[in-house]
Every structure is written in structure tokens, then in C-alpha cells.
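Student: Got a predicted structure here, sequence first:
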Amino acid sequence: MKPTPLEKTALYKIFRPWIEQLRPFLKPRKFEEGRYLYHESEPAERFWTVRSGEVRTLKASASGRVITLETLHAGDPFGMAALRADAVYTESAQAITACEAWCVPRRVVVSLMAKDPEVSRALLAIVAGRLQRAHDRLCSFAHDSVAARMARTLLDSADDERIETTRRVLGESAGTTVETAIRVLRRFEKARWIEGGVGWVRILDRPALENIARGGEDVDD
């Protein structure tokens, strides 16, 4: 039997023995493209999982510059601050595309963590993985070229070689401005590594982008 969308998620794998207790809360909430699911500094009262579409977590500086922290796809959990008592969200979450998401009240998750140590260990493993990826991104922002960061962003974001996103979001994911992102993407298009239009990019030459992501030689303007 083909697994359901829920059965493909980390949420299901972690809470499988308790899924009937969670089921009353697992009614998908729909969000239009660009809509925020929650904002930084709001009380972290819900634990989230993407059901369909794409969501990004992001932070904005005092000057208004936005950096995408993670791009999340169907099955990915987020809003991990809800695991801490009296916490607030340390990032915002925004729909990249029209999407659906489940959200489980914090009190329910905390109750199940108290009942089952395996739940706590599984959630801790997710948090540890997120911290490692955040560390890797910080190192990349400090040491890698914009071209390398952009190539890696494209490779990480692609679903069947096509990415439904804007140049602005790609730039924010790579830690650069939209103007710089557009210039780099034009170089990639000129080299026939990618093609794109309004709201989408398609990878044409994955090995070339992988080479750039590893620090290989970029194409000239």
C-alpha cells in the first residue's frame, strides 16, 4: 500500500506509537505563496511539519536585510523552538509556494516527550542536525564565493532539476543581495548550466554546478 503524506514525514516516524493522540490536531493549514506561518519573537506555541509545497525559515537584520536559514519540503519539521519552555520563535517561517502544514500544540508535544524518552531523543537528533547545517552555512558565508554559494543553493533547492522560486529568495538563501544573485544567475545561464523565467529556474548541467559549489573556476561575466 502506498504511504500517505503523513507516513512520509519525520513527524510520523517520531510519534508513530502516539499518532492517534496527535490525529485530532493533524488538519492541514493552507498558506498562500508569500504568507508567513509565524514571525520571529512570537510565542513558540506550535511544532510544525510541511505537508506539501515549500516553506523557508528566515531572519531579518535591523537594516532589513533578509537571510534564508533553511528551505523546507514536504515531510520536514520546523518551529523547533516550541520544544523549549516559554520560548519564542527565533526565526520567521514563510511559504515559498502555496503550501499546507500541520501544526501541533506545544503542550501536546511536551506531554509525549515526557511519556516516551525515544521521542525526546529523536527530536534532539533533528535539532543537532539543524545546528550542524547552520554551522556549515555560516562557514560558507565567511569563506566561499557568491558563485559557490549560489550553486550550492540551486543544488539544494532543486526538485527534479526545477526550482519554483524567485531571484530574491535565491539571493537570500545564498547570503547575498538580489542584484548580485541576478548577475551570478545570468552568468550561469550564459554558460548553459541553468535556464529560467519569472518564478522558476531549471538546472541543465548539474556536474558544472557541483564543480562551482566545490570551489571550481567560475565563468567570466
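Tutor: Okay, I see it.

Student: Centre-most residue in this protein?
Tutor: Taking CA atoms, centre = their mean, the centroid of the chain lies closest to residue 71, which sits 1.9 Å from it.

Student: Doesn't it lie inside a strand?
Tutor: Yes - residue state for residue 71 (DSSP: H, G, I helix; E, B strand; the rest coil) corresponds to a strand.

Student: So it sits against residue 173, correct?
Tutor: Yes - contact criterion CB atoms under 8 Å: residue 71 and residue 173 qualify, at 6.5 Å. Bear in mind the C-beta positions are built from the backbone N, C-alpha and C, glycine included.

Student: which residues are in contact with both of the two?
Tutor: Between them, residue 71 and residue 173 share these contacting residues under CB atoms under 8 Å, 6 or more residues apart in numbering: 56, 157.

Student: re the thing from before, grab the nearest non-local neighbour of the residue nearest to the centre of the chain.
Tutor: Spatial nearest neighbour of residue 71, chain neighbours left out: residue 56 (5.1 Å); criterion: CB to CB, 6 or more residues apart in numbering.

Student: Tell me the spacing between the one you found and residue 105.
Tutor: Relative to residue 105, residue 56 is positioned 23 Å away (CB to CB, to the nearest Å).

Student: of those two, who's got more company?
Tutor: Taking other CB atoms under 10 Å, residue 56 and residue 105 do not tie; residue 56 has more neighbours (22 against 14).

Student: Would you mark the buried spots in stretch 93-111?
Tutor: Within stretch 93-111, the residues scored as buried using 16 or more other CB atoms under 10 Å are 93-96, 99-104, 106, 108-110.

Student: scratch that, stretch 14-34
Tutor: For stretch 14-34, using 16+ other CB under 10 Å, the buried residues are 14, 15, 18, 22, 26, 28, 31.

Student: List of residues touching stretch 118-137?
Tutor: Counting contacts by CB under 8 Å, 6+ apart, the residues touching stretch 118-137 from outside are 10, 13-15, 18, 69-70, 77, 80, 83, 112-113, 175.

Student: Can you pick out the ones from those residues that are in helices?
Tutor: Secondary-structure check on the contacts of stretch 118-137 using DSSP state H: residues within helices are 10, 13, 14, 15, 112, 113.

Student: low pLDDT regions in the protein?
Tutor: Across the chain, the stretches falling below the confidence threshold (pLDDT under 70) are 158-160, 217-221.

Student: Please determine how far residue 61 is located from residue 175.
Tutor: 12 Å.

Student: Please disregard the earlier target; I meant residue 165.
Tutor: According to CB to CB, residue 165 stands 15 Å off from residue 175.
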